[in-house]
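>>> Provided below are the primary sequence and the corresponding predicted coordinates.
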There are 2 protein chains.
Amino acid sequence: MTFFTVSKRSNKSRARLGTISTDHGRVKTPSFVPCATKATLKALHPKQVAQTDVELAFVNTYHLAVHPGAEVLEEAGGAHAFSHLPVSLMSDSGGFQVFSLGRADQRRAKMRSTQKDDSPLLVKISEDGVKFRSAYDGTLLEFTPESSIHFQRQIGADIIMAFDECTYLEATHAYTKKSLDRTHDWLERCIRVTKESDFKSLSGNASVAPHRQYLYGIIQGGQYQDLREESAQHIANTDVPGVAIGGVSVGESKGAMRQQVGWCAPFLPEQKPVHLLGVGQFDDIWDLVGAGIDTFDCVEPTRISRMGIVYAWSSVEEFMKRRLDGDTKEYKKSFFEVDVTKKIYKKSFEPIDPNCGCEVCGQFTKAYLHHLFKSRELLGHTLATIHNLYTMERFMAKVRESIDEGKL
Amino acid sequence: MTFFTVSKRSNKSRARLGTISTDHGRVKTPSFVPCATKATLKALHPKQVAQTDVELAFVNTYHLAVHPGAEVLEEAGGAHAFSHLPVSLMSDSGGFQVFSLGRADQRRAKMRSTQKDDSPLLVKISEDGVKFRSAYDGTLLEFTPESSIHFQRQIGADIIMAFDECTYLEATHAYTKKSLDRTHDWLERCIRVTKESDFKSLSGNASVAPHRQYLYGIIQGGQYQDLREESAQHIANTDVPGVAIGGVSVGESKGAMRQQVGWCAPFLPEQKPVHLLGVGQFDDIWDLVGAGIDTFDCVEPTRISRMGIVYAWSSVEEFMKRRLDGDTKEYKKSFFEVDVTKKIYKKSFEPIDPNCGCEVCGQFTKAYLHHLFKSRELLGHTLATIHNLYTMERFMAKVRESIDEGKL
């Protein structure tokens, strides 16, 4: 089994059609990767996940290490056996949460500098890694390249990420360079511990067949072109099965994010899958498959579902039509969205979108969704999530079709 | 189509096997009726409801009249068309909520008697009915026998209830007698407006076929034997398709509740279905089918599901075995329950109950449920609800089997 195969390359851009193959299934790329943060795709039963076209979902190592503990997933036989999610899984390294929560804590500590701060969340950053206190129950967790890989081994996702430092927006060139060198060093340490067990995992649980885990190196470099280029070249030349681009979603604008991806693009490997961490709006995906991105994760479609915000397929179609006609502008999220909690939908006995083919639009009205959200009924979250994921998957199918037809 | 047929009568008690037939399906009795208060069976997709053996669910007129408004359900074509719940539906009259919320408000008003009370919830009780201000948005709602039936027509459940006053625990004999006479008068008014449209409803929405609605009269009489007997005889002799017993769940003990049902039992009609409002624990159901009760509604199995409390089938079996061996004692709820939020289940890689045949026990562990509840993930509510309803339905099947075999 080859981990990643490319079946077609665009002659207009770096866009390509491919397949990621894991021991839990195949993933047609370009692919959208919804979040199943805590080993559950929020508000959906695994059978409902199976009825979507989702093929790959994202779990968060930090959140699972905090609760229930990565050792619980290991004893269960890994995230698949624990959750019965019927898709391939990708885990992050925990680095993003460790550093961003740590910074938030430093800011809070500054704001309350007159108070005594008895138990800071972030205990210590060093070349070795990060010591961290769980916000859940105060347990001391250590995130190092070795422990991150160990946690990810216990969680058992098909695709795992090297431990990296995601630098913050205001970081200077000097700090970012130092951090980048550390991230590259950490990658070597991740590769070493990963290779030690030959990409197999979970042999601890006899009832679960071992499966391969594929490690991605992560390109960092903040907002500095020279560092992004250096990192992209470095990661592309490292012996890992895949590549991810990290830290671009912390920026202050879509323009900056795209520019950073653009700096990396010429150096991205032709034979390895490329993941873009934390990016996934319609216009971002449409435009960035052209930079050579194969997979995108983003909390948005599932998060807004729980706020009563649903996608309008007609707007997605209008957007694609405009892009194919040469439009290049940025889109606000609201362009694609319908907020069913608004009073105007109280008696709207129409589906969310008459052109949507999902089971929710085939059966339920905006008036019913409005009632569910205003009454805080959980079924609202479920129906909105089914609809939004259906819309994302239909959009991704159109992206792949457009590459196949040579339009993108 | 006959609304209610009895296929077997016990020679040990008033227990019987029957079938309620509505335009939305058949209901094997004795039957448990879970709550779908706001036209959604909390945490379940209608397809998941279809996978349970639930045949009849309960919707609350007061809650639906408050939000989204009964007129919204009417325009949608009734609760079935609005919610796609694939079962027969029973609605209450709204009386229980109107009176109990009203009393709670009066108590609150007393407690804050030094404060100015600008907008009391309960505006006025009279012979005509009750004026009430919606806690949701302040709308003035009027509950009279006529308006209750009108709301229930708009909601369109298959079984509807006459508007009644549910007296409070401390009510004197004199007050309860006065209230009972009023409830009996109100029943006549309900019958009049119901007959006017010949038990058909929802002709206002051309896209939905009209369906029959069957009116139940409600036995009240509080804690007074003479009044319960008077009411049972009165309701049994009234020309309505079914009978309900109300107001027994407000008492202070199971013993008092059973005594009140027992007073009514000799007068219950042999050819009409009998519903017991608000009662539904395992021992209550097992014992009270012998009093001639055919259907039971109770929030409990679905409410505790959302708190992480699930039934242990082994305990239900143990209880039935004891009852068949002659035991008659009262059971605490905790006897039947497992609280998966407890820390001891963190690494419990076993199903809730190895003897349970439900899909949740076939696939998921207590450790996963523990994690979902501790992480406040909605899937926990869904899985616990599927399991608890499965257990209730399996228990009801055993109740029917025991009647069929002449054991109960």
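Nice, thanks for sending it over. Residues are numbered from 1 along each chain as shown, chains lettered A, B, ... in the order given.
>>> tell me the buried residues in stretch A:385-402?
Neighbour-count burial for stretch A:385-402 flags A:385-396, A:399-400, A:402 (criterion: 16 or more other C-beta atoms under 10 Å in any protein chain shown). Backbone N, C-alpha and C define where each C-beta goes, glycine included.
>>> for it, which outside residues touch it?
The contact list for stretch A:385-402 (C-beta atoms under 8 Å, 6 or more residues apart in numbering or on different chains) reads A:17, A:28-32, A:34, A:41-44, A:48, A:51-54, A:280, A:282, A:285-286, A:289, A:301-302, A:304-306, A:310-311, A:313, A:316, A:320, A:324, A:352, A:356-361, A:408.
>>> weed out the non-buried ones from the residues you listed.
Buried subset of the contacts of stretch A:385-402 (neighbour count, 16+ other C-beta under 10 Å): A:17, A:28-32, A:34, A:41-44, A:48, A:51-54, A:280, A:282, A:285-286, A:289, A:301-302, A:304-306, A:310-311, A:313, A:316, A:320, A:352, A:356, A:358-361, A:408.
>>> residues of chain A that sit close to chain B?
A:38-40, A:42-45, A:48, A:67-69, A:72, A:75-76, A:82-84, A:346-347, A:349, A:363-365, A:367-368, A:370-372, A:374-375, A:377-379, A:381-383 (C-beta under 8 Å from any C-beta of the partner chain).
>>> give the buried subset of those residues as a PyMOL selection command.
Entered in PyMOL, the line below selects the buried ones among those, by 16+ other C-beta under 10 Å:
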select buried, chain A and resi 38+39+40+42+43+44+45+48+67+68+69+72+75+76+82+83+84+346+347+349+364+365+367+368+370+371+372+374+375+377+378+379+381+382+383
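>>> residue ranges of the strands in the stretch 151-300 of chain A, please?
A:159-161, A:214-219, A:242-245, A:274-276, A:295-298 (DSSP state E, counting those that start in this stretch).
>>> turn those into TSV, including mean pLDDT and mean neighbour count.
Shown next, in TSV, are the strands of the stretch 151-300 of chain A (pLDDT from 0 to 100; neighbours: other C-beta atoms under 10 Å in any protein chain shown):
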stretch	mean pLDDT	mean neighbour count
strand A:159-161	97	28
strand A:214-219	97	28
strand A:242-245	98	26
strand A:274-276	98	29
strand A:295-298	97	24
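>>> with distance to B:T61 added, can I get those in JSON lines?
Shown next, in JSON lines, are the strands of the stretch 151-300 of chain A (distance: least, C-beta to C-beta, whole Å):
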{"stretch": "strand A:159-161", "distance to B:T61": "52"}
{"stretch": "strand A:214-219", "distance to B:T61": "56"}
{"stretch": "strand A:242-245", "distance to B:T61": "55"}
{"stretch": "strand A:274-276", "distance to B:T61": "51"}
{"stretch": "strand A:295-298", "distance to B:T61": "42"}
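>>> which of those strands sits closest to B:Y175?
Proximity to B:Y175 (C-beta to C-beta) singles out strand A:295-298 among those, at 61.8 Å.
>>> can you list contacts of the closest one?
Residues from elsewhere that reach strand A:295-298 (C-beta under 8 Å, 6+ apart): A:20, A:27, A:29-35, A:56, A:58, A:90, A:273-281, A:284-285, A:288.
>>> so which of those residues belong to helices?
A:284-285, A:288 (DSSP state H).
>>> and of those, the nearest to B:F335?
For those, the nearest to B:F335 is A:I285 (54.0 Å; C-beta to C-beta).
>>> tell me which of the ones in helices among the contacts of strand A:295-298 is nearest to chain B?
The shortest gap between chain B and any of those belongs to A:I285, at 26.6 Å (C-beta to the nearest C-beta).
>>> near A:H211, how many other residues are there?
18 (other C-beta atoms under 10 Å in any protein chain shown).
>>> now, which of the contacts of stretch A:385-402 lie within strands?
Among these, the members found in strands (DSSP state E) are A:17, A:28-29, A:31-32, A:34, A:310-311.
>>> show me which pair in the residues you listed is furthest apart.
Across the ones in strands among the contacts of stretch A:385-402 (C-beta to C-beta), the longest gap, 28.6 Å, separates A:L17 and A:V310.
>>> so what's the most centrally placed residue in chain A bridging to?
Geometric centre of chain A, nearest residue: A:D297, 2.7 Å, by C-alpha atoms, centre = their mean. Following DSSP bridges, A:D297 is listed with bridge partners A:V33.
>>> and the closest residue in space to A:G380 that isn't next to it in sequence, what does it touch?
Once flanking residues are discounted, A:G380 sits nearest to A:L372: 3.3 Å by C-beta to C-beta, 6 or more residues apart in numbering or on different chains. A:L372 is in contact with A:379-380, A:383, B:40, counting by C-beta under 8 Å, 6+ apart.
>>> show me what residue of the stretch 101-250 of chain A gets nearest to chain B.
A:Y136 (8.4 Å).
>>> ok, that residue - contacts?
A:66-67 are the contacts of A:Y136 under C-beta under 8 Å, 6+ apart.
>>> now it: which helix or strand?
A:Y136 is part of no helix or strand, with elements assigned from DSSP states H and E.
>>> show me the domain layout of chain A.
A:4-95+A:145-298, A:309-404 (automatic domain parsing).
>>> run the chain-centre distance for the first one.
Right, domain A:4-95+A:145-298. 7 Å (C-alpha atoms, centre = their mean, to the nearest Å).
>>> equivalent analysis for stretch A:310-326, please.
The chain centroid and the centroid of stretch A:310-326 are separated by 23 Å under C-alpha atoms, centre = their mean.
>>> put the alpha carbons of that stretch into CSV.
These are the backbone C-alpha positions of stretch A:310-326, laid out as CSV (Å, rounded to 0.1, in the frame of the first residue of the first chain):
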residue,chain,number,x,y,z
VAL,A,310,-25.7,26.7,8.4
TYR,A,311,-24.2,26.9,4.9
ALA,A,312,-26.2,27.9,1.9
TRP,A,313,-25.3,25.7,-1.0
SER,A,314,-26.6,28.2,-3.5
SER,A,315,-24.0,30.7,-2.2
VAL,A,316,-21.2,28.1,-2.5
GLU,A,317,-22.2,27.5,-6.1
GLU,A,318,-22.3,31.2,-6.8
PHE,A,319,-18.8,31.6,-5.3
MET,A,320,-17.4,28.8,-7.4
LYS,A,321,-19.0,30.2,-10.5
ARG,A,322,-17.5,33.6,-9.8
ARG,A,323,-14.0,32.1,-9.2
LEU,A,324,-14.2,30.2,-12.5
ASP,A,325,-15.2,33.5,-14.2
GLY,A,326,-12.0,35.0,-12.9
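>>> pLDDT of it, averaged?
Summarised as a single mean, pLDDT over stretch A:310-326 is 97.
>>> list the contacts of it.
Under C-beta under 8 Å, 6+ apart, the answer for stretch A:310-326 is A:282-283, A:286-287, A:301, A:304, A:331, A:335-338, A:340, A:352-353, A:355-356, A:369, A:384, A:387-388, A:391-392, A:394-395, A:398, A:402, A:407.
>>> quickly find the element holding the closest residue to chain B within the stretch 251-400 of chain A.
Using C-beta to the nearest C-beta, the closest approach of the stretch 251-400 of chain A to chain B is made by A:H371 at 4.3 Å. Assigned by DSSP H and E, A:H371 belongs to helix A:366-374.
>>> CA atoms only: put that helix into PDB for me.
What follows is helix A:366-374, C-alpha atoms only, in PDB (Å, rounded to 0.1, in the frame of the first residue of the first chain):
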ATOM      1  CA  LYS A 366     -35.800  26.200   8.700                       C
ATOM      2  CA  ALA A 367     -38.800  26.700  11.000                       C
ATOM      3  CA  TYR A 368     -38.100  23.400  12.800                       C
ATOM      4  CA  LEU A 369     -34.300  24.200  13.100                       C
ATOM      5  CA  HIS A 370     -35.200  27.600  14.400                       C
ATOM      6  CA  HIS A 371     -37.500  26.000  17.000                       C
ATOM      7  CA  LEU A 372     -34.800  23.500  18.000                       C
ATOM      8  CA  PHE A 373     -32.100  26.200  18.500                       C
ATOM      9  CA  LYS A 374     -34.400  28.600  20.300                       C
END
